[in-house]
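Asks: sequence-free structure coming up:
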């Protein structure tokens, strides 16, 4: 069975979504990154819009690799939202789970901090993606669900994604969580850390950077805390280390680099 993609402005195209196969659903935000590039009038930077958002990029990458992938999120009906939708279709991603709203698209302005690390300014108030609502039952062909990043912070959509994670884990879907911490979006760090720990029983794979792990468990050895998280539910914790690769720690005690 093939899904039908219906665009924000009408019309549709038959796509490669096969709900009897091994379908991956990616849930989470789609942003427009306003990337600085050169100087404009009065020395202000020129900003070039680019499609972004961790979950959005994950869905696009999987589609380009030929995976059977569906994107579950909410985008605006504005010009930026239409561009985000077009990017998904160009990558072969099914958008039949995509919600739409008249609110504006979320904007981010990436930059570099004094220490060379990435920094972000977010414009999220009243935007479409944070109003994501829990969808009905996912197709039986869904075998994996990937959620995370800013979508697990911004309410009311965060609670809907949390409910989706718990529901699909409960019916045996393989679940992956990528918290991708953005401290500037988290008003209460301790409350978020507690909420994060509450997700772990419904997570099969936890993927996060070493920086994420250090923020979630300040002052702790990251491998030690990874083993504690494994005891709460995940089968594997994958820690990315930038140019130093990654390390995977399994619930059976294995450590793989």
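Replies: On my side now, so go ahead. Bear in mind that the values here come from a model prediction, so they are computed numbers and not experimental data.
Asks: low-confidence ranges in the stretch 101-250 of the chain?
Replies: Across the stretch 101-250 of the chain, the ranges flagged by pLDDT under 70 are 112-118.
Asks: ranges for the strands of it?
Replies: With strands called from DSSP state E, counting those that start in this stretch, the stretch 101-250 of the chain shows them at 107-112, 118-123, 142-148, 174-178, 205-209, 236-240, 246-250.
Asks: Of these, which is nearest residue 64?
Replies: strand 142-148 (15.6 Å; Cβ to Cβ). All C-beta atoms are positioned from the backbone trio N, CA, C, and that covers glycine.
Asks: tell me which residues of that closest one are tucked away?
Replies: 142, 144, 145, 146, 147, 148 (16 or more other Cβ atoms under 10 Å).
Asks: Run a quick neighbour tally on residue 60.
Replies: Neighbourhood size, residue 60 [other Cβ atoms under 10 Å]: 23.
Asks: Contacts only, for the residue nearest to it when sequence neighbours are not counted.
Replies: Spatial nearest neighbour of residue 60, chain neighbours left out: residue 91 (4.4 Å); criterion: Cβ to Cβ, 6 or more residues apart in numbering. Shown in contact with residue 91 (Cβ atoms under 8 Å, 6 or more residues apart in numbering): 59, 60, 61, 63, 64.
Asks: just residue 192 next, same as before
Replies: Going by Cβ under 8 Å, 6+ apart, residue 192 touches 153, 186.
Asks: ok, now how distant is residue 226 from residue 81?
Replies: Counting by Cβ to Cβ, to the nearest Å, the separation of residue 226 from residue 81 is 37 Å.
Asks: on that earlier part again, format the contacts of residue 91 as a markdown table; extra columns: pLDDT.
Replies: Converted to a markdown table, the contacts of residue 91 look like this (pLDDT from 0 to 100):
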| residue | pLDDT |
| --- | --- |
| 59 | 97 |
| 60 | 97 |
| 61 | 97 |
| 63 | 96 |
| 64 | 96 |
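Asks: Mind checking which of those are in helices?
Replies: Judged by DSSP state H, helices contain the following of the contacts of residue 91: 59, 60, 61, 63, 64.
Asks: among these, which ones are buried?
Replies: Among those, those classed as buried by 16+ other Cβ under 10 Å are 59, 60, 63.
Asks: what comes up buried for stretch 149-161?
Replies: Taking 16+ other Cβ under 10 Å as the neighbour-count basis, stretch 149-161 is seen to contain the buried residues 149, 150, 151, 152, 153, 154, 157, 158, 160, 161.
Asks: most centrally placed residue in this protein?
Replies: Nearest residue to the geometric centre of the chain (Cα atoms, centre = their mean): residue 55, 2.9 Å.
Asks: just checking, what packs against the one helix or strand that one maps to?
Replies: Assessed by DSSP states H and E, residue 55 sits inside helix 54-64. Applying 3 or more Cβ pairs under 8 Å, 6 or more residues apart in numbering; DSSP states H and E, we find helix 54-64 packed against strand 23-27, strand 69-72, helix 79-90, strand 142-148.
Asks: Let me have the ones you listed in JSON lines, adding distance to residue 241 as columns.
Replies: JSON lines is the format used below for those (distance: least, Cβ to Cβ, whole Å):
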{"stretch": "strand 23-27", "distance to residue 241": "23"}
{"stretch": "strand 69-72", "distance to residue 241": "26"}
{"stretch": "helix 79-90", "distance to residue 241": "29"}
{"stretch": "strand 142-148", "distance to residue 241": "18"}
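Asks: Brilliant, that's me finished.
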